[in-house]
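[1] build me a structure from this.
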Amino acid sequence: MPRTAEMLDATFAALADPTRRAIVARLATGDATVLELAAPFDISLPAISRHLKVLEQAGLIKRGRDAQRRPCSLDPEALAAATEWIDHTRKAWEDRFDRLADYLNQLQAPKEKRHDRKRR
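    So this is what the prediction gives:
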C-alpha cells in the first residue's frame, strides 16, 4: 500500500487533467463502459484507455468484468485522503486569516479611539 504522500501525489496528478476530471465526474453518476466514457470526447479509444489507466493507478477508479462488458466505477474512498488533506489545509488557512483579521482589528481600534478624541 503506497504511503499517504504518494497517494496524494498520484491523486492530484491524475486529477490535474481536465479529461480525467470529466471522467471522474461522469463515474460519480454511476458505472460506465470505456465506450460510454469516451463518447463525449473527441479523442481516440486508446487515449481514453490511457486516461483510465492513470485513474486506476491512482486508485480513483476500478475496472470490472461483467460478461462482455468491462464497466468502470469510481472508488469513493480513494478521494478520502485528498479530501482530508484539502480540509486540513483549508482549516489552517482559515485560522491564519482569522488571526490576521483579529490583528488588523486591534491595529484599527486604537486609531479610531485616537480619532474620536481629536474630535472632542
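[2] do you know the pLDDT at Lys113?
    Looking at Lys113, its pLDDT reads 64.
[3] do a quick rundown of the strands in this protein.
    Assigned by DSSP state E, the chain shows strands spanning 61-63, 72-74.
[4] for the record, mean pLDDT for the last one?
    Think strand 72-74. Summarised as a single mean, pLDDT over strand 72-74 is 92.
[5] any buried residues in it, and which?
    For strand 72-74, a neighbour-count test (16 or more other CB atoms under 10 Å) marks Cys72, Leu74 as buried. C-beta here means a position set from N, CA and C on the backbone, and glycine is covered the same way.
[6] what's it packed up against?
    Packing partners of strand 72-74 (3 or more CB pairs under 8 Å, 6 or more residues apart in numbering; DSSP states H and E): helix 18-27, strand 61-63.
[7] so for the longest one, what gets flagged as buried?
    Read that as helix 18-27. By 16+ other CB under 10 Å, the buried positions in helix 18-27 come out as Thr19, Arg20, Ile23, Val24, Arg26, Leu27.
[8] hmm, who's touching that helix?
    14-15, 32, 37, 40-41, 43, 48, 51-52, 54-55, 60-61, 72-74 (CB atoms under 8 Å, 6 or more residues apart in numbering).
[9] so who does Lys62 touch?
    Glu56, Cys72, Ser73, Asp75.
[10] which one of the helices and strands packed on strand 72-74 lies nearest to Leu104?
    Among the helices and strands packed on strand 72-74, helix 18-27 comes nearest to Leu104, with 36.9 Å by CB to CB.
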